[in-house]
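# this one's sequence-less:
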């Protein structure tokens, strides 16, 4: 008897999509926090800190996320505890995102005209005050489009969590495909779900970019 | 429980790792050349005055950019297998990578082409240059020269994401690591060991692209920047 794709399978895919969203949100919040620290380190006054953080960024950006995921998964396992795949996935996504977001944000901080910092200095603001009150608000404006763009990347990256057995959208699709063997249909629907999640972010990022460029002209 | 890190068990497997790294490089090389070619054609198509063509390229690019590579690879490999077409895993991985990277290339090259001033094209036309010559000498070469750093960055990212091809058991570096860890039970050490290998591959690739850039864009070399 052939098992065919039906609505209960569709529900399972939706359940997977929910976990994809949870994992993406987790990755963004954790990765954003860590990325902020990386950005601070990349723009630090101390040369040593700048260099160490540069090495960190180069190493993480030069390692596939899949390999990071395996390192996190097996590495946490060393401590003898049974690691929930969600923890390993969130950890590796966080590390990956911290390097990319840190580098993106560093560029945005440096894109703020130097004169702004000099003006803040003239007003006798401390370095930290100048950073928080003068540089950061302007950098945030520049940073929004690429950050939203990177969120799409992160959302897609969560699909790799399926490899360590975390049931998100891709894993759910694999499980269903294993019993129905209708890969075009199953992966097609899963792909469409990813598209529905990602496309609004892509479009938003693009429109933000357009507004920003108009503002600059 | 104390865990002793032990990398010595991996030493015997260095020929396998080497072979995996070579397969990764082969995948990357083929996907770079084909992806660049198809990406350029797509970029030209996306600027076409024929609405259906630019629309079709736009849809293709958006589909690729908004779905995960893993899903694309599964769709292609298992999909074609269910339709009776059994591709070798290497071929399937190459096709998926080309399909993926060509879309990104197309976007990058198109951005470069958009920076070419219309006056340049009009000047070329008034000199009586043929359309292919204009496309090659006036539009594409300066455009690619300008976006070359972004393109190489994209190809390095693609090399890293070729690790995903291990999921359809293409015998590249990550798949080799998967095999080795199942023989040695040294999972953590194995993956820690291949991370620097990928770093070295990424470095090698960047060096290669830099050297190629020196040869391909002499003007950039002389001026220190794209025109």
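That came through fine. This structure is a prediction, so every number in the text was calculated from the model and none was measured. Residues are numbered from 1 along each chain as shown, chains lettered A, B, ... in the order given.

# contacting residues for the most centrally placed residue in chain A?
Ranked by distance to the mean C-alpha position of chain A (Cα atoms, centre = their mean), the top residue is residue A:154 at 3.6 Å. Contacts were defined as Cβ atoms under 8 Å, 6 or more residues apart in numbering or on different chains; by that measure residue A:154 touches A:24, A:27-28, A:31, A:93, A:97. C-beta coordinates here come from the backbone N, C-alpha and C atoms, glycine included.

# ok, residue B:159 touching residue B:205?
Yes. With contact defined as Cβ atoms under 8 Å, residue B:159 reaches residue B:205; the gap is 5.8 Å.

# What parts of chain B come near chain A?
Taking Cβ under 8 Å from any Cβ of the partner chain as the test, the list of chain B residues beside chain A reads B:1, B:3, B:62-63, B:65-72, B:74-75, B:78-79, B:81-83, B:156, B:160-164, B:166-167, B:174, B:177, B:181, B:187-188, B:191-192, B:194-195, B:198-199, B:202-203.

# in what helix or strand does the residue nearest to the centre of chain A lie?
helix A:136-157 (DSSP states H and E).

# For that helix, buried residues please.
Residues of helix A:136-157 classed as buried: A:136, A:139, A:141-157 (neighbour count, 16 or more other Cβ atoms under 10 Å in any protein chain shown).

# Can you check the pLDDT for the residue nearest to the centre of chain A?
Confidence per residue is given as pLDDT, and for residue A:154 that number is 96.

# likewise the one 4 residues further on?
On pLDDT, residue A:158 comes in at 96.

# isn't it right up against residue A:92?
No. Proximity of residue A:158 to residue A:92 does not meet the contact threshold set by Cβ under 8 Å, at 10.5 Å.

# follow-up on the earlier one: tabulate the contacts of residue A:154 (JSON lines), appending secondary structure.
Conversion of those to JSON lines gives the following (DSSP: H, G, I helix; E, B strand; the rest coil):
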{"residue": "A:24", "secondary structure": "helix"}
{"residue": "A:27", "secondary structure": "helix"}
{"residue": "A:28", "secondary structure": "helix"}
{"residue": "A:31", "secondary structure": "helix"}
{"residue": "A:93", "secondary structure": "helix"}
{"residue": "A:97", "secondary structure": "helix"}
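
# Just send those residues back as TSV, with distance to residue B:214 too.
Converted to TSV, those look like this (distance: Cβ to Cβ, whole Å):
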residue	distance to residue B:214
A:24	40
A:27	38
A:28	39
A:31	36
A:93	37
A:97	34
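
# tell me which of these is nearest to chain B?
Of all the contacts of residue A:154, residue A:24 has the smallest distance to chain B: 11.4 Å, by Cβ to the nearest Cβ.

# Just confirm that closest one contacts residue A:152, I think it does.
No. Residue A:24 lies out of contact with residue A:152 (Cβ under 8 Å); the separation is 9.7 Å.

# hmm, back to that, from the contacts of residue A:154, keep the buried residues only.
Neighbour counting by 16+ other Cβ under 10 Å classes A:24, A:27-28, A:31, A:93, A:97 among those as buried.

# Reformat these into a markdown table and put distance to residue A:212 and pLDDT next to each item.
Shown next, in a markdown table, are those (distance: Cβ to Cβ, whole Å; pLDDT from 0 to 100):
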| residue | distance to residue A:212 | pLDDT |
| --- | --- | --- |
| A:24 | 24 | 96 |
| A:27 | 25 | 95 |
| A:28 | 21 | 96 |
| A:31 | 23 | 97 |
| A:93 | 27 | 96 |
| A:97 | 22 | 97 |
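
# give me the subset of those residues touching chain B.
Counting by Cβ under 8 Å from any Cβ, no member of the buried ones among the contacts of residue A:154 is near chain B.

# Now do the contacts for residue B:210.
Applying Cβ under 8 Å, 6+ apart, we find residue B:210 in contact with residue B:152.

# what's the answer for residue B:102, then?
Each residue near residue B:102 by Cβ under 8 Å, 6+ apart is listed here: B:34-35, B:38-39, B:42, B:64.

# Taking those together, which two end up most distant?
Taking every pair in those and measuring Cβ to Cβ, the maximum separation is 14.4 Å, between B:34 and B:64.

# which stretches of chain A aren't confidently modelled?
Counting by pLDDT under 70, the low-confidence segments of chain A come to A:1-2, A:80, A:214-217.

# quick one: the helices in it?
Taking DSSP state H as the criterion, chain A carries its helices at A:7-42, A:47-61, A:65-77, A:85-111, A:114-122, A:127-129, A:136-157, A:169-180, A:183-216.

# which residues of chain B fall in helices?
B:14-46, B:51-65, B:69-82, B:89-114, B:118-126, B:131-133, B:141-161, B:173-184, B:187-216, B:218-223.

# Please pull out the lowest mean pLDDT helix or strand from chain B.
Of all the helices and strands that make up chain B, helix B:218-223 has the lowest average by mean pLDDT, DSSP states H and E, namely a mean of 74.

# number of nearby residues for residue B:129?
Residue B:129 sits with 16 neighbouring residues when counted by other Cβ atoms under 10 Å in any protein chain shown.
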